[in-house]
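Novice: I would like the atomic coordinates for the input below:
(chains A and B)
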Amino acid sequence: MTSAPGPPGTNPLTAPLTVEFPFTRSLGPVQSAFLTGLRERVVLGIRSSAGILVPPVEYDPATAAELRELVQVGTSGTVTTWAWNPRPRPRQPLAHPFAWVLVRLDGADTALLHVLDTPGPEAVRTGMRVRIRWAATRSGAITDIACFEPDDTPPDDTPPAPRPVRPHDGTFDSPVTGITTPARLDYTHTPGRAQTRYLQALGGRRITGERCPSCHKVYVPPRGACPTCGVATTGQVEVGPRGTVTTFCIVNIKARNLDIDVPYVYAHIALDGADLALHGRIGGIPYDEVRMGLRVEPVWTDGARHPDHYRPTGEPDAPDDTYRELL
Amino acid sequence: MTPPADTAPVAVVAFAQTVHRRRTDELSETEMLMPVLHEVLAATGLRTADIGFTCSGSSDYLAGRAFSFTLALDGVGAWPPISESHVETDGAWAFYEAWVKLLTGETDTALVYAYGTSSAGDLRDVLSRQLDPYYTAPLWPDSIALAALQARALIDAGHTTGPALAAIAARSRADAAANPYAQLRGAVTHGDPLVHPLHTGDCPPVGDGAAALVLAAGDRARELCARPAWITGADHRTEAHALGVRDLTDSPSTRHAARRAGAFDRPLDLAELHAPFTSQEVVLRRALDLDERVRVNPSGGALAANPVMAAGLVRIGEAAAAIHRGEADRALAHATSGPCLQQNLVTVLEGEA
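Specialist: So this is what the prediction gives:
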């Protein structure tokens, strides 16, 4: 984390935070047929109480009845509304300025959201005729439609020739049955006053808590509020460095990307002066000799931002009445 | 719905909101929320232990903080143990859940709060993740682009014009000059087209904020507030998720919810509409049949402050506060969620003569 300029008396920390996940989704029969169709340059819709829906859905938006009657519609259509996007955002379909469009494909009664590639907003209008530009490589995804492009055959505003909507059984060789849609969101994380103070103290290898002005308990790590009284915690209190194991578990499953041999012990540790136990790994003692009441101290490693683990101090065990309230 | 005749009426008895700001880097969400919780409790003289039910609205996607609503509970003070619930949407829906809870007669007070920290991420991208993941979200259409499609449809249909939208923006920010909590106040330039036809001025500010209110039933409400804002009806409705299936120039869900909430039974004198975009005010005014006798968004509305997840609850709070102050007798509050006004909640509040 880095410090950013803040109001006097505070020095808020910030750090980049990326949340990223490759969502893998299975497709139902209707979505599978539609997306496989796009791979084969075929656009499918579905018959509903409101006419032909494109893109197709599995249940009727008006009646909730199950829909299964697929039909093939055209690959040209009419813009029903549009919006000019002068500054495309990184993951949007085109890198240069484009129009967002809703397009009612020939034979369809509803519109599909996509993008339209034209040189400028003056080239776009509601009612214009457009056609699909297919992506060079297609995998069975909405992005198999690279974009729409103007279609001046037939000229604008000429009602399209009635295009027979052909029944389609939705069957293709090697149908697409699932999609992976990576999602990534980038944040700037700011931990707030209390956690900023805690993290800044950790930088000096000190562990601090904050005291509740109402019940006088000391919380570690502090989050700015007493969870039982609902008031802001104030006044930093240095706690530890030594503490007492209040409870523990033995971990027998190796976590991916974690370079710790199993079994190891993960414990709740009540640091001296704290009224809430925090958790940490216990090292420097065989796993089967860790016990409630064991006195421990933090072990810092070079460059680390928090204690790597806690090890026995060699003191006699703490009497159980000294930590009973902290279990 | 309108409440059954044999239940005690429920009222909003206190409301508080933060000063909404572009960033709140120095505060955790709990730290941002705590002052408004303390303010509504102080206004009613209640302690957390006196509150029968607590309900909150927020979304982890805004700040990228997992399970943040459980941490926010630290600011409530959950001891002795409390009865609590959370909705992963605007706090207006938490208000609805609390209202229904009070109508059951199980308890006579409720605390409702909501918060959003939009500054941590890029709101346009974050909101795109609420879209259908098969056909729409992979294109990353952002919230302003979708609102712009709706604005173009309204202009094409002859329901508004670019200058008319600019006038809505100017009126909202001018009204917000008297609102000390608003983020954008007074004259604000209409700016360049952001996504044509929407200009910067047609779009809401991005910011952080929180709000809280207290509900109470029957005599308890009269004890806690000199002029309670009685909830005479509330309802929420949704429309098809796919934008291409809907008529973007209309909001039948808003109209249906308003009818069910009794909004059309008698004249209104105030409406707080959750219209983050100028074009959406046009849609809502038409759906609600609001004429010039109804004051719309004297607070400045979501165009002046749009703390996502709290902005709808703020509409209810602003409408209630106008009744508390004696500035309105019958007010409508509207909240929305989802792209292009997909989900809509309407409540009607009345003060006793």
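Novice: Now residue B:194. Nearest residue, chain neighbours left out?
Specialist: residue B:200 (5.2 Å; CB to CB, 6 or more residues apart in numbering or on different chains). Placement of C-beta: from N, CA and C, glycine included.
Novice: Phi, psi for the one you found please.
Specialist: phi -50, psi -40 (degrees, to the nearest 10).
Novice: my guess is it contacts residue B:206, does it?
Specialist: No - Residue B:200 sits out of contact with residue B:206 when judged by CB atoms under 8 Å, with a separation of 11.5 Å.
Novice: Could you pull up the contacting residues of the closest residue to chain B within the stretch 101-250 of chain A?
Specialist: Residue nearest to chain B within the stretch 101-250 of chain A (CB to the nearest CB): residue A:230, separated by 2.2 Å. Counting by CB atoms under 8 Å, 6 or more residues apart in numbering or on different chains, residue A:230 makes contact with B:34, B:37, B:48, B:74-78.
Novice: what's the answer for residue A:45, then?
Specialist: A:52-56, A:70-73, A:105, A:107-108, A:165.
Novice: Could you check the lengthiest strand in chain A and say which residues are buried?
Specialist: Under DSSP state E, the strand in chain A containing the largest number of residues is strand A:13-26. By neighbour count on 16 or more other CB atoms under 10 Å in any protein chain shown, the buried set for strand A:13-26 is A:13-14, A:17, A:19.
Novice: Against which helices or strands is it packed?
Specialist: strand A:2-3, strand A:178-189, helix A:192-203 (3 or more CB pairs under 8 Å, 6 or more residues apart in numbering or on different chains; DSSP states H and E).
Novice: Just the CA coordinates for the second one, please, in CSV.
Specialist: Only the C-alpha atoms of strand A:178-189 are listed here, as CSV (Å, rounded to 0.1, in the frame of the first residue of the first chain):
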residue,chain,number,x,y,z
GLY,A,178,-20.7,-23.9,-22.1
ILE,A,179,-19.0,-20.5,-22.2
THR,A,180,-16.2,-18.9,-20.2
THR,A,181,-16.6,-15.2,-19.7
PRO,A,182,-13.6,-13.7,-17.9
ALA,A,183,-14.6,-10.7,-15.8
ARG,A,184,-12.1,-8.3,-14.3
LEU,A,185,-12.7,-5.2,-12.3
ASP,A,186,-9.9,-2.9,-11.1
TYR,A,187,-10.3,-1.1,-7.8
THR,A,188,-8.3,1.2,-5.6
HIS,A,189,-8.6,-0.2,-2.1
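Novice: ok, it: who's next to it in the sheet?
Specialist: Note on strand A:178-189: by DSSP bridges, its sheet partners are strand A:13-26 (antiparallel).
Novice: So what touches the strand it pairs with?
Specialist: A:1-4, A:177-191, A:195-196, A:199-200, B:25, B:64, B:120, B:133-134.
Novice: Would you map the strands across the stretch 51-200 of chain B?
Specialist: Applying DSSP state E, counting those that start in this stretch to the stretch 51-200 of chain B gives strands spanning B:53-57, B:84-87, B:109-117, B:193-195, B:198-199.
Novice: cool, the stretch 1-150 of chain A as well?
Specialist: Taking DSSP E, counting those that start in this stretch as the criterion, the stretch 1-150 of chain A carries its strands at A:2-3, A:13-26, A:43-48, A:51-53, A:70-73, A:76-85, A:98-105, A:112-116, A:129-134, A:145-150.
Novice: With mean pLDDT as extra columns, can I get those in a markdown table?
Specialist: Shown next, in a markdown table, are the strands of the stretch 1-150 of chain A (pLDDT from 0 to 100):
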| stretch | mean pLDDT |
| --- | --- |
| strand A:2-3 | 56 |
| strand A:13-26 | 93 |
| strand A:43-48 | 97 |
| strand A:51-53 | 96 |
| strand A:70-73 | 97 |
| strand A:76-85 | 98 |
| strand A:98-105 | 98 |
| strand A:112-116 | 98 |
| strand A:129-134 | 97 |
| strand A:145-150 | 98 |
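Novice: In CSV, list these along with distance to residue A:254.
Specialist: Below are the strands of the stretch 1-150 of chain A laid out as CSV (distance: least, CB to CB, whole Å):
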stretch, distance to residue A:254
strand A:2-3, 33
strand A:13-26, 23
strand A:43-48, 47
strand A:51-53, 49
strand A:70-73, 48
strand A:76-85, 48
strand A:98-105, 48
strand A:112-116, 45
strand A:129-134, 47
strand A:145-150, 45
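Novice: Next up, the contacts around residue 326.
Specialist: The chain I'm using is chain A. Residue A:326 neighbours (CB under 8 Å, 6+ apart): A:246, A:268, A:270, A:275-277.
Novice: My question was about chain B, not that one.
Specialist: B:227, B:351.
Novice: right, and residue B:299 touches residue B:176 too?
Specialist: Yes - contact criterion CB under 8 Å: residue B:299 and residue B:176 qualify, at 6.8 Å.
Novice: Now for those two: what residues contact both?
Specialist: With CB under 8 Å, 6+ apart, residue B:299 and residue B:176 have common neighbours residue B:182.
Novice: ok, now which ones touch residue A:59?
Specialist: Residues near residue A:59 by CB under 8 Å, 6+ apart: A:65-67.
Novice: same thing with residue B:226?
Specialist: Counting by CB under 8 Å, 6+ apart, residue B:226 touches residue B:324.
Novice: That one is in what secondary structure piece?
Specialist: For residue B:226, there is no host helix or strand (DSSP states H and E).
Novice: about what we covered before: just the buried ones from the contacts of strand A:13-26?
Specialist: A:1, A:179, A:181, A:183, A:185-191, A:195-196, A:199, B:25, B:64, B:120, B:134.
Novice: And for the residue of the stretch 201-350 of chain B found nearest chain A, the neighbour number?
Specialist: For the stretch 201-350 of chain B, the residue closest to chain A is residue B:244, as judged by CB to the nearest CB, at 3.4 Å. The number of residues packed near residue B:244 is 24, by other CB atoms under 10 Å in any protein chain shown.
Novice: Angles on the backbone of it, please.
Specialist: Dihedral angles for residue B:244 - degrees, to the nearest 10 - are phi -70, psi -10.
Novice: gap between the residue lying closest to it once chain neighbours are set aside and residue B:212?
Specialist: Distances taken as CB to CB, 6+ apart put residue A:111 closest to residue B:244, at 3.4 Å, once the chain neighbours are dropped. For residue A:111, the distance to residue B:212 equals 41 Å [CB to CB, to the nearest Å].
Novice: Between these two, point out the one with more neighbours.
Specialist: residue B:212 (30 against 26).
Novice: Okay, helices next: where are they in chain A?
Specialist: Using DSSP state H, the helices of chain A run over A:29-39, A:192-203.
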